[in-house]
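1. Everything below, folded, please.
(chains A, B and C)
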Amino acid sequence: MTAGRDEILGAIRRSLGRSGPVDDSRAAELRARMAKPARNLIPARADLPPSEVIDLFRSQAEGVFATVDRVADMSEVPQVLTEYLKRENLPSQVVMAPDPSLDQAPWDNQPLLEIRRCLPVESDMVSVTSAPAAIAETGTLAMFSGADHPSTLNFLPETHVVVLPVNRIGKNYEDVWDLIRQRIADGEGDLNDLMPRTVNLITGPSRSGDIEQTLLLGAHGPRRLHIILVDSDDAA
Amino acid sequence: MANPRVALFVTCLVDLFRPSVGFATVKLLEDAGCAVEVPRQQTCCGQPAYNSGDKADTKAIARQVIEAFEGYDYTVAPSGSCAGMISKHYPALFADDPEWAERAQKLAERTHELVSFLTDVMGVEAVASQFDGAVTYHDSCSGLRELSIHDQPRRLLGSVEGLHLRELPDANVCCGFGGTFCVKYADISDRMVETKITQVIETGADTLLAGDLGCLMNMAGKLQREGAGIQVRHVAEVLAGMTDKPAIGEPSKD
Amino acid sequence: MSGSTTSQFKENAVRQLADVDLRQALTKSKGHFTGGRQNAMDKLPEFDALRDQARDLKDHVLENLDFYLETYEQNVIASGGQVHWARTAKDAQDIVLDICRSVDATSVNKGKSMIGEECDINEALEANGIRAVETDLGEYIIQIRNERPSHIIAPAVHLTKAQVETSFRETHTHLDPDRILEEPPTLLEEARTVLRKKYFEAEVGITGANFLVAETGSSIIVTNEGNGDLSQLLPKVHIVLASIEKVVPTLEDASTFLRVLARSATGQDFSVYTTVSTGPRRSTDPDGPEQYHVILLDNGRTGMLGTEFHEMLRCIRCGACMNHCPVYQSVGGHAYGWVYPGPMGAVLSPSLLGVDEAGHLPNASTFCGRCEEVCPVRIPLPKLMRHWREREFERHLTPRAARTGIRLWAFFAQRPGLYQMATGLQMRLMGWMGRRKGRFSSVPLAKGWTKYRDLPAPEGKTFQQQWAGRK
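-> Numbering: from 1, shown residues only, chains lettered A, B, ... in the order given. Okay, here's the model as predicted:
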């Protein structure tokens, strides 16, 4: 379909009154604009001291029907998870991301928890992942695909539990883009100069308003999104 | 400007159907200290042609209006729609004709809708009139969205003795008039005006006011067809205290 | 459901106006969208400034569209994906079919895509023996009803829950007739169960794109249900259908649009799932598609660039214009007869279908201006509709009676003396005829008016006559 390509590009140029591509100086300007992406206007909403950024994240996430627990450090996470599952009448079998940052929690002290660390299958009811970043502005979690985080964990099970150290909560979406660029520059993981294959920005559990605009949770993705905020990501 | 010379753009609908709105306008302007004149060479602002895509006729009519209304301190119309046509659309019509574009621009800058002219230009804060009853007010689209007329009529109505304003839900939603639209797409227009008058009736007001005669005739015609018993008047009539004539579409008392 | 009935807009509208279910459904949805948007706006003081910036960014992209598309293409290829250029809807169909055949696909899952609708992709797949399953709840409902979406973000907004139940009972033959299905949660449950199975069966997943990011070669989709994500993560092949004007320079630029998109559309601050996809899965990724294809569609858009309809290409498909349009809210989306209803459709459809087919749409507006008022990228929709009317008038496509009427009226309007004499006589006659009742319930030459409303009688003497007398 190179014919289609040339025809479309040619038609664009003709319509814009140009006989060929943008001239070299323009092209250099546009390339520079992309090489160092400037931030556009960012709402001041999340312009807050660190502790209030965390509070904003929490209130925004709860505003879109996520539920939130907060613990002092990773050592408390397994117990809080067990209690959450019990409270919600959920099974104690969970499928967990093979994410090393989750290894710091003492999962063994909850003998009833059955943990598989792999891809989810259709019958999995609960997934547990971490999130590399979060955005206070709208209570949004950011997930990057990779060996330690299959993206299907974010969508397939009915309940998604996210363990989130509070120092990963940024203010705005732009903070996430910077984090990704930093990881690419650091040669982290398998990025090879590329974005992670899938970046999921997740703001609350799945919902639909397609039947008479009635708000329903759990359309295709998770019905429940539970966030465990961890004040210190060191294991105690 | 203490006593500005104001040219009244009476609008075709007021001229033909409801001259009393024109006289109410004159009274309000004179009370505010204006010397009012009515240029003879006026018919219509050209919107019917403009909105039908007939650009050549629109420009011819616009040139006629510009010529007739040059030389006054202000041009004032008892209609947001016609005032908006002159002040927002005339200059764009002559984008490719610098001489006329400049003349259009000059007229545009001096052209105002009546109520906003009284409040924003002449500094009128109250009127000395009386009207006993509960009224509701519909914001005609052009005045609201092209000229930002919203608070001004409410402010002046608030100064009318005996008048009680009941806000109309969705007052900013079109009544379905739309010039030739109401005839070309009569079925759709009917649904829109039906929705509108249902909300008007629900306010419990006994009088409906607005600032554009087209919308008023549309809503009055529908209210009367449905036998709603609500009187419909141009806001200028109430502000000028000239409500002795029958309301729009009502028979003479004699 | 394919083809267009746009030329029959008037007949469609009359039919839709008589549909009581539609009226009930639209009444329910209207306040939800308009109130939601207002609420989101009230919470964000920067909203209007963001709209200005979003407008300017789109203008920047359109000025340099070829450059950004080429850059985007290079970056897709660098991330292991493939880019296909489709001049027409037919080209897009052929490309989709070729990709499907290359993996022997028998089943395709679709996330909601208006480009998919525009190109009738489902029909093309079905005609070639490939099952197409719409996975967005609204799209699924209309697919089983064999309808077009009536709204670009809420495809089934025209239906009541009772109608949805009826459709489910007709198609889901496994359903126990005693099972209570009348409330939305049970309907969703049923759809979720049925669609869950289908996710695992498809070889190909097709999604649209809200934005394409030139900087990274990524496509972005914005959804609430998560269906678009499952549709692209589970099958072997992910195809992105996008029109050329969807490209934006950087992730930062995309962020600006994302900040106005959901707020304008549903009143959410942010949609539930914003997904940035770049190429196929990497060697160490445990999941994700093995192939990633992007189809860039023109289908008439390059013909709008640089014309008086250029600004329409800023549209980000939020649906705010139709949510706030009193005409759309009266007749519903199906009256418009094709993929794009409401004010944005009234400008876009004549460009894509031809003004001969879609000429009614830009005329069916009161120019109330509410669409322009709420547009997140400030498209002057009434002005663009008026441009279509001008083109129709120039090409003598305006109905003859209307054209003659306007020209005759304009003749008088340009001759004030004659006009005043003629109208003076006419108003006196009409005033005299209407003096008893104050109005007319039937006027032979104004039947369009008096079919539904009375016509107020003129007072008698015109203002000009009385003013001349006063002096």
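2. Count the neighbours of the residue in the stretch 1-150 of chain B that chain C sits nearest to for me.
-> Of all residues in the stretch 1-150 of chain B, B:Gly53 sits closest to chain C, at 3.3 Å by CB to the nearest CB. Every residue, glycine included, has its C-beta placed from N, CA and C. Look at B:Gly53: counted by other CB atoms under 10 Å in any protein chain shown, it has 25 neighbours.
3. Can you pull out the low-pLDDT segments for the stretch 151-254 of chain B?
-> The stretch 151-254 of chain B contains residues with pLDDT under 70 at B:254.
4. Name the SS class of the residue in the stretch 151-254 of chain B positioned nearest to chain A, please.
-> Residue of the stretch 151-254 of chain B nearest chain A, by CB to the nearest CB: B:Asp170 (17.8 Å). Recorded secondary structure, B:Asp170: coil (DSSP: H, G, I helix; E, B strand; the rest coil).
5. Chain C versus that one, what's the distance?
-> According to CB to the nearest CB, to the nearest Å, B:Asp170 stands 9 Å off from chain C.
6. ok, now A:Leu229?
-> Taken as CB to the nearest CB, the span from A:Leu229 to chain C is 19 Å.
7. so what's that residue closest to, chain neighbours aside?
-> Leaving out its chain neighbours, the residue that sits closest to A:Leu229 by CB to CB, 6 or more residues apart in numbering or on different chains is A:Arg70, at 4.2 Å.
8. Could you confirm the one you found falls within a strand?
-> Yes - the assignment for A:Arg70 (three-state DSSP) places it in a strand.
9. what about the residue lying closest to the residue of the stretch 151-254 of chain B closest to chain A once chain neighbours are set aside, is that helix, strand or coil?
-> Residue nearest to B:Asp170 in three dimensions, not counting chain neighbours: B:Gln199, with 5.9 Å by CB to CB, 6+ apart. When classified by three-state DSSP, B:Gln199 comes out as helix.
10. shouldn't B:Gln199 be in contact with B:Asn172?
-> No - with contact defined as CB atoms under 8 Å, B:Gln199 does not count as touching B:Asn172 (11.6 Å).
11. if I look at A:Ala28, how far off is chain C?
-> 11 Å.
12. That residue belongs to a helix, doesn't it?
-> Yes - using three-state DSSP, the assignment for A:Ala28 is a helix.
13. related to what we said a few turns ago, what number of residues lie near the residue of the stretch 151-254 of chain B closest to chain A?
-> Look at B:Asp170: counted by other CB under 10 Å, it has 15 neighbours.
14. Would you confirm that it contacts B:Thr198?
-> No - assessed by CB under 8 Å, B:Asp170 is found out of contact with B:Thr198, at 10.2 Å.
15. ranges for the strands of the stretch 351-471 of chain C?
-> All strands of the stretch 351-471 of chain C, identified by DSSP state E, counting those that start in this stretch, fall at C:439-440, C:455-456.
16. Give the buried residues for stretch C:79-97.
-> Across stretch C:79-97, burial judged by 16 or more other CB atoms under 10 Å in any protein chain shown covers C:79-87, C:89, C:91-93, C:95-97.
17. would C:Glu170 count as being in a strand?
-> No - looking at C:Glu170 with three-state DSSP, it is helix, so not inside a strand.
18. Not counting sequence-adjacent ones, nearest residue to C:Pro350?
-> That would be C:Ala358: by CB to CB, 6+ apart, it lies 4.2 Å from C:Pro350.
19. What strands flank the strand ranked longest in chain A, and is each parallel or antiparallel?
-> Determined from DSSP state E, the single longest strand within chain A is strand A:224-232. According to DSSP bridges, strand A:224-232 forms sheet pairs with strand A:67-73 (parallel), strand A:159-165 (parallel).
20. Quick one: the ones you listed as a markdown table, columns for mean pLDDT and mean neighbour count too.
-> Output for these, formatted as a markdown table (pLDDT from 0 to 100; neighbours: other CB atoms under 10 Å in any protein chain shown):
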| stretch | mean pLDDT | mean neighbour count |
| --- | --- | --- |
| strand A:67-73 | 97 | 16 |
| strand A:159-165 | 98 | 24 |
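21. Show me chain A divided up by domain.
-> Here the domain parsing of chain A from automatic domain parsing is A:2-35, A:49-232.
22. Please work out how many residues are found near A:Pro132.
-> By other CB under 10 Å, the residues close to A:Pro132 number 23.
23. residue contacts, the residue found closest to it once you drop the neighbours it is linked to in the chain?
-> Spatially, and ignoring its direct neighbours in sequence, A:Pro132 is nearest to A:Phe144 (5.6 Å; CB to CB, 6+ apart). By CB atoms under 8 Å, 6 or more residues apart in numbering or on different chains, the contact set of A:Phe144 is A:132, A:180, A:196, A:198-199.
24. Repeat that for B:Lys106.
-> So B:Lys106 contacts B:Glu70 (CB under 8 Å, 6+ apart).
25. And for residue 210, the neighbour number?
-> Using chain A. A:Asp210 has 30 neighbours, counted by other CB under 10 Å.
26. Actually, chain B is the one I wanted.
-> By the measure other CB under 10 Å, the count of residues near B:Ala210 is 26.
27. before we move on, the earlier item: most packed of the domains of chain A?
-> Counting by mean count of other CB atoms under 10 Å in any protein chain shown, domain A:49-232 has the highest mean neighbour count of the domains of chain A, with a mean of 20.
28. distance between the ends of it?
-> When the termini of domain A:49-232 are compared using CA to CA, to the nearest Å, they are 18 Å apart.
29. gap between the residue nearest to A:Leu229 and chain C?
-> Note on A:Arg70: its distance to chain C, by CB to the nearest CB, is 22 Å.
30. So out of everything in the stretch 51-200 of chain B, what residue is nearest chain C?
-> Going by CB to the nearest CB, chain C is nearest to B:Gly178 of the stretch 51-200 of chain B, at 2.7 Å.
31. does that residue really touch C:Ala364, like I thought?
-> No - taking contacts as CB under 8 Å, B:Gly178 lies outside contact range of C:Ala364: 9.4 Å.
32. For the two, work out which one has more neighbours and name it.
-> Legend: neighbour count by other CB under 10 Å for B:Gly178 and C:Ala364, higher for B:Gly178 (27 against 23).
33. Next, give phi and psi for that one.
-> phi 60, psi 30 (degrees, to the nearest 10).
34. ok, C:Ala86 - contacts?
-> Each residue near C:Ala86 by CB under 8 Å, 6+ apart is listed here: A:1, A:4, C:92, C:95, C:119, C:295-299.
35. Name the member of the residues you listed with the shortest distance to chain B.
-> The shortest approach to chain B among the contacts of C:Ala86 belongs to C:Asn299, at 25.5 Å (CB to the nearest CB).
36. Tell me which of the buried residues of stretch C:79-97 fall in strands.
-> C:82-86.
37. tally of neighbours for the closest residue in space to C:Val108 that isn't next to it in sequence?
-> The shortest distance from C:Val108 to any residue other than its chain neighbours is 4.6 Å, reached at C:Val204 (CB to CB, 6+ apart). By other CB under 10 Å, 28 other residues sit near C:Val204.
38. Need the per-residue pLDDT for C:Val204.
-> pLDDT for C:Val204: 98.
39. could I get the contacts of A:Phe144 as JSON lines with pLDDT and distance to C:Thr256?
-> Formatted as JSON lines, those follow (pLDDT from 0 to 100; distance: CB to CB, whole Å):
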{"residue": "A:Pro132", "pLDDT": "97", "distance to C:Thr256": "23"}
{"residue": "A:Ile180", "pLDDT": "97", "distance to C:Thr256": "18"}
{"residue": "A:Pro196", "pLDDT": "96", "distance to C:Thr256": "22"}
{"residue": "A:Thr198", "pLDDT": "98", "distance to C:Thr256": "22"}
{"residue": "A:Val199", "pLDDT": "98", "distance to C:Thr256": "17"}
